[in-house]
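Engineer: Kindly return the folded structure for what I paste below:
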Amino acid sequence: MKKALITGANKSIGFETARQLLRAGYYVYLGSRDLANGQQAVAQLHAEGLTQVEPVQLDVADVASVSAARQTIGKKTDVLDVLINNAGINGGMPQGALVAELSSFKRVFDTNYFGVIAVTQAFIDLLRQSPAPNIVNVSSSAGSLTLQSDPSWKYYAHKGAVYSPSKSALNMYTLTLAYELRDTPFKVNAVDPGFVATDFNHHRGTGTVQEAGARVARLALLGPDGPTGKFFSEETNPETGEIAW
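Structural biologist: As a prediction, this is how the structure comes out:
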């Protein structure tokens, strides 16, 4: 049975992604910053008959927590087939380039960027043991410099000096990681789940968590012939899904 770790998976898109991977036959380590919330999420999945899942306390912004999660999972398995770096925060308001507090930038980057690096580096050894490992970084079209500079883009006026740059940085890390792993079986991609109605945006989104979870899960389930080093947003490009960085 293939195994996956999903960060920030106790609710919203991460939780739905876990549900879809479980339905696809994966064993899921459900990462949650608060273990009690993770246990509650797992109980819900168990009630749905999806039992190949367990919670793991994992705060991606806390190096000690990442290390502890690695030790915990390492005692249970020698291999990890999928890593989904899903945990993220938006940083709150205001997000103006001249008024947002520096502490907000640091807090968001700790989770959205440095957290991804910490988790990826901590679990890369287990991923290397898989014959076809996949790393999926949950990004946002808001992190695309191409789209952000295009006045015709429907979200052009929605600029965020805190959140968007954290996703731009994540995109660059994704490209660099994919390049470094180019001669291996790894698939490394970034995905924008879309403007989804969740707590993240006070349910102002127009998409559903089911749609978003499916978009993330599709990349997690890529086969050996799948793409790597790409950025996907089905909401932005329904035809091929791929968008510019």
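Engineer: Send over the helix or strand encompassing residue 14 as CSV, restricted to the C-alpha atoms.
Structural biologist: Here residue 14, judged by DSSP states H and E, is contained in helix 12-23. The C-alpha coordinates for helix 12-23 follow below in CSV (Å, rounded to 0.1, in the frame of the first residue of the first chain):
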residue,chain,number,x,y,z
SER,A,12,-10.7,22.1,4.2
ILE,A,13,-8.6,21.2,1.1
GLY,A,14,-6.1,19.2,3.0
PHE,A,15,-8.8,17.1,4.6
GLU,A,16,-10.6,16.5,1.3
THR,A,17,-7.3,15.6,-0.4
ALA,A,18,-6.8,13.0,2.3
ARG,A,19,-10.2,11.6,1.7
GLN,A,20,-9.6,11.3,-2.0
LEU,A,21,-6.2,9.6,-1.6
LEU,A,22,-7.8,7.2,0.9
ARG,A,23,-10.4,6.3,-1.7
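Engineer: Give me the buried positions along it.
Structural biologist: Judged by neighbour count using 16 or more other Cβ atoms under 10 Å, the buried positions of helix 12-23 are 12, 13, 14, 15, 16, 17, 18, 19, 20, 21, 22. Backbone N, C-alpha and C define where each C-beta goes, glycine included.
Engineer: so which of those residues comes closest to residue 86?
Structural biologist: When these are compared for distance to residue 86 (Cβ to Cβ), residue 14 wins out at 4.2 Å.
Engineer: Would you check how far apart the closest residue to the closest one other than its chain neighbours and residue 50 are?
Structural biologist: Distances taken as Cβ to Cβ, 6 or more residues apart in numbering place residue 86 nearest to residue 14, at 4.2 Å, with adjacent residues excluded. From residue 86 over to residue 50 the distance is 18 Å, taken as Cβ to Cβ, to the nearest Å.
Engineer: Tell me which of those two has more neighbours.
Structural biologist: residue 86 (26 against 17; other Cβ atoms under 10 Å).
Engineer: Now do the phi/psi pair for the more buried one.
Structural biologist: When read as degrees, to the nearest 10, the backbone of residue 86 gives phi -100, psi -30.
Engineer: thought it was touching residue 138?
Structural biologist: Yes: when contacts are counted by Cβ atoms under 8 Å, residue 86 is listed as touching residue 138 (4.6 Å).
Engineer: Mutual contacts of these two, please.
Structural biologist: Residues within reach of residue 86 and of residue 138 at once, by Cβ atoms under 8 Å, 6 or more residues apart in numbering, are 13, 216.
Engineer: dump the residue contacts of residue 128.
Structural biologist: residue 184.
Engineer: quick one: it and residue 79, what's the gap?
Structural biologist: From residue 128 to residue 79 the distance is 9 Å (Cβ to Cβ).
Engineer: Now do the helices in the protein.
Structural biologist: Ranges of helices in the chain, per DSSP state H, are 12-23, 35-47, 63-74, 102-109, 115-128, 145-148, 163-180, 209-220.
Engineer: Adding distance to residue 3 and mean pLDDT as columns, could you present these in TSV?
Structural biologist: Formatted as TSV, the helices of the chain follow (distance: least, Cβ to Cβ, whole Å; pLDDT from 0 to 100):
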stretch	distance to residue 3	mean pLDDT
helix 12-23	10	98
helix 35-47	15	98
helix 63-74	9	98
helix 102-109	29	98
helix 115-128	9	98
helix 145-148	34	98
helix 163-180	20	98
helix 209-220	11	96
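Engineer: Dump those into CSV; add distance to residue 228 as well.
Structural biologist: Output for the helices of the chain, formatted as CSV (distance: least, Cβ to Cβ, whole Å):
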stretch, distance to residue 228
helix 12-23, 19
helix 35-47, 30
helix 63-74, 24
helix 102-109, 25
helix 115-128, 13
helix 145-148, 20
helix 163-180, 5
helix 209-220, 10
